[in-house]
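K.L.:
take this sequence and fold it.
(one chain, ligands or ions: 1)
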Amino acid sequence: MSEEKACGVCESGWTDEVEAWLSVEVTADYDGPIYVEFCSQEHAAEWFTRPLPEPGGASGEPESFGARMILFGLAAVPLGILLLTVVGFATVLGWIW
Ligand SMILES: [Zn+2]
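P.N.:
Below is the predicted model of the structure:
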């Protein structure tokens with residue numbers, strides 16, 4: 001038993017009978033990546049509906065408002081770029097038409 005897998009939801013151990021183990025790496029900027037494995041896609045989906053596990057140890061405040069805002073900001077940057085691209089295209093189309 002060198003490498004033990006366990007489902008992040010039902011905690012069932014690894015067996016060859018499970019056809020589709022899912023290995024997921026969740027990267028949160030306030031902590032290192034979280035590695036979770038699931039025995040099924042259903043359990044992966046269930047896990048993702050829950051709040052992320054606390055980063056690292058028990059030290060520090062758990063998922064502060066600031067950390068959430070940083071995450072939101074990181075997500076907003078590519079969305080903003082996408083929006084600007086769309087607006088740019090619309091402007092160019094407006095010139096042509
Ligand atoms: Zn499971």
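
K.L.:
show me the domain layout of this protein.
P.N.:
When the chain is parsed with automatic domain parsing, its domains come out as 1-53, 65-97.

K.L.:
can you add mean neighbour count and give the ones you listed back as CSV?
P.N.:
Every residue, glycine included, has its C-beta placed from N, CA and C. Listed next are the domains of the chain as CSV, based on neighbours: other CB atoms under 10 Å:
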stretch, mean neighbour count
domain 1-53, 13
domain 65-97, 10
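
K.L.:
and Cys10, which of the three is it?
P.N.:
coil (DSSP: H, G, I helix; E, B strand; the rest coil).

K.L.:
give the contact list for it.
P.N.:
Contacts for Cys10 were tallied using CB atoms under 8 Å, 6 or more residues apart in numbering; they are Cys39, His43.

K.L.:
what does the model give it for pLDDT?
P.N.:
Reading off the confidence values, Cys10 has pLDDT 90.

K.L.:
ramachandran angles for it?
P.N.:
The phi/psi pair for Cys10 (degrees, to the nearest 10) reads phi -90, psi -10.

K.L.:
equivalent analysis for Cys7, please.
P.N.:
phi -70, psi 140.

K.L.:
ok, back up a step: indicate which one of the domains of the chain is closest to the ion.
P.N.:
When those are compared by CB to the ion, domain 1-53 sits nearest the ion, at 3.1 Å.

K.L.:
does the spatially most central residue of the chain have beta-bridge partners, and which?
P.N.:
Taking CA atoms, centre = their mean, the centroid of the chain lies closest to Val26, which sits 4.6 Å from it. Taking DSSP bridges as the rule, Val26 bridges to Ile34.
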